[in-house]
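Chemist: Here's a sequence, model it:
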Amino acid sequence: MIGTLLGRIATSPWMRAALRFGAIVLAVLLFLLALRRTGERAGRLAERLKTTEKANDVQRQMLEAAARRPRDRDELAERLRDGRF
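Modeler: Residues are numbered from 1 along each chain as shown. Predicted coordinates for the structure are as follows:
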């Protein structure tokens, strides 16, 4: 019963065209959904990269400040007297 129904559908030129059109529409829809998912993933990765760059910049600034700090109390006192601190 089902085999004969499918056989009749497959032999009708209009139904074959409709099935072909449906397959093309489905393929395009799946492609667009995959493209959207890829774009979302790329956006998340770009945001993560930006956050990492900010954190690295802050850490670099902290290391530079630590490198410029006075080594001991005498150097601190000397900087305070000279007004260089």
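
Chemist: Which of the residues in stretch 60-79 are classified as buried?
Modeler: For stretch 60-79, the buried set under the neighbour-count rule, 16 or more other C-beta atoms under 10 Å, is empty. C-beta coordinates here come from the backbone N, C-alpha and C atoms, glycine included.

Chemist: Just the mean pLDDT for that stretch, thanks.
Modeler: Stretch 60-79 carries an average pLDDT of 91.

Chemist: after the longest helix along the chain comes which helix or strand?
Modeler: Ranked by residue count and defined by DSSP state H, the top helix of the chain is helix 13-67. Scanning forward in sequence from helix 13-67 by DSSP states H and E, the next helix or strand is helix 73-82.

Chemist: Can I get that next one as CSV, trimmed to CA atoms?
Modeler: Output in CSV follows, covering the C-alpha atoms of helix 73-82 (Å, rounded to 0.1, in the frame of the first residue of the first chain):
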residue,chain,number,x,y,z
ARG,A,73,63.4,51.9,52.6
ASP,A,74,66.5,54.1,51.9
GLU,A,75,65.6,54.4,48.2
LEU,A,76,62.0,55.2,49.2
ALA,A,77,63.1,57.9,51.5
GLU,A,78,65.4,59.3,48.9
ARG,A,79,62.6,59.4,46.3
LEU,A,80,60.3,61.1,48.7
ARG,A,81,62.9,63.8,49.6
ASP,A,82,63.6,64.4,45.9
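
Chemist: how far is that helix from where the chain is centred?
Modeler: Averaging C-alpha positions (C-alpha atoms, centre = their mean, to the nearest Å) puts helix 73-82 49 Å from its chain's average.

Chemist: Does anything pack onto it? Which helices or strands?
Modeler: Using 3 or more C-beta pairs under 8 Å, 6 or more residues apart in numbering; DSSP states H and E, no helix or strand is in contact with helix 73-82.
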